[in-house]
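Enquirer: give me the fold of what follows.
(one chain, ligands or ions: 1)
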Amino acid sequence: MDLGIRGRTAIVCASSQGLGLACARALAEAGVSVVVNGRNRAVLERSAEEIRKATGADVTPVVADVSTPEGQEALFAACRTPDILVNNNGGPPFRDFRELGRAQMIDGVIANMVTAIELVQKVIDPMVRRRFGRIVNITSGSVKMPLAGLDLSSGARAGLTAFLAGVARSVAASNVTINFVLPGTFDTDRLRSGIEITAKRRGISMEAAAAERAATVPAKRFGEADEFGHACAFLCSAHAGYITGQNLLIDGGVFPGTLG
Ligand SMILES: NC(=O)c1ccc[n+]([C@@H]2O[C@H](COP(=O)([O-])OP(=O)(O)OC[C@H]3O[C@@H](n4cnc5c(N)ncnc54)[C@H](OP(=O)(O)O)[C@@H]3O)[C@@H](O)[C@H]2O)c1
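Expert: Below is the predicted model of the structure:
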């Protein structure tokens, strides 16, 4: 399917690996010029080159911490008025909520809520003026189905979802959409590091811990990052202009609700 966004520009935050990288690659395949981002220069440049080679798209790597004002400025210096913004960031580590200090809680809220809102503030008016804009926020299945130990992540992301729900309606008439994609268990470094912790804690092999985790998913497997990236690219497409304020859960059937 031609997504109808060839020649558009995108900033994809936190995209040197994992889900962000898959979103950047899928947008590049659709002919979008992408700014990719991460803090580790070597990893980021390798990923940028990989996307360039695979798609022929214009790919600009920006080494920056997206949670900081300087990092955000560096992203916009590379692409002043993006047509597409994919908000993504690292997630906080597993921790019992009793152990969270005030500074850690504030950092988590900045990473998974405030940063995305700041970026939306920067892109939204030019998008409205051009009468095209697509904003996708990568949040988490834990927004719908909480996971003990990821309470800070769930809370900050649920706050982002509620905050932007009203904003989405206020710009819908200008062909600017704001949606959320909620990953379940995707096979990325973040998932693998969680499985490694479980394996060590229980004294079992990584393979056994991974198999146990996959068995809890109705699809009986982890998601592939590319499956996530293509769903994100569709929400950024010309065809998705009537989809806004939605939470798309991609979890292989884990969430047991009938109506979502
Ligand atoms: N994988 C899953 O199944 C799953 C499930 C639920 C939620 N999520 C959430 O989805 C998001 C992406 O997960 P993932 O699995 O793709 O993670 P990942 O494989 O660990 O990749 C994270 C990416 O974000 C970059 N990054 C992290 N912090 C950054 C920062 N402050 N500034 C700029 N770049 C930053 C990393 O590069 P650098 O480290 O070099 O900066 C890397 O490219 C996370 O918030 C995660 O919690 C994932």
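
Enquirer: next, the residue of the stretch 51-200 of the chain found nearest the ligand: secondary structure please.
Expert: Taking CB to the nearest ligand atom, the ligand has its nearest neighbour within the stretch 51-200 of the chain at Gly91, 2.4 Å off. C-betas here are computed from N, CA, C, even on glycine. Following DSSP: H, G, I helix; E, B strand; the rest coil, we place Gly91 in the coil state.

Enquirer: which residues does it contact?
Expert: 111-112, 140, 150, 153, 190 (CB atoms under 8 Å, 6 or more residues apart in numbering).

Enquirer: ok, Gly203 next?
Expert: Counting by CB under 8 Å, 6+ apart, Gly203 has no contacts.

Enquirer: from Pro256, how far out is it?
Expert: 30 Å (CB to CB, to the nearest Å).

Enquirer: check Tyr242 too.
Expert: In terms of CB to CB, Tyr242 sits 28 Å off from Pro256.

Enquirer: what of Ile250?
Expert: 15 Å.

Enquirer: what of Asp2?
Expert: For Asp2, the distance to Pro256 - CB to CB - is 36 Å.

Enquirer: which one's more surrounded, those two?
Expert: Remark: of Asp2 and Pro256, Asp2 carries more neighbours, 10 against 7, as counted by other CB atoms under 10 Å.

Enquirer: surely that one is in a helix?
Expert: No: counting by three-state DSSP, Asp2 is located in no helix; its state is coil.

Enquirer: quick check: phi and psi on it?
Expert: Backbone geometry at Asp2, expressed as degrees, to the nearest 10, gives phi -80, psi 120.

Enquirer: rewinding a little: keep the contacts of Gly91, but drop any that are not near the ligand.
Expert: Contacts with the ligand within the contacts of Gly91, counted by CB under 6 Å from any ligand atom: 140, 190.
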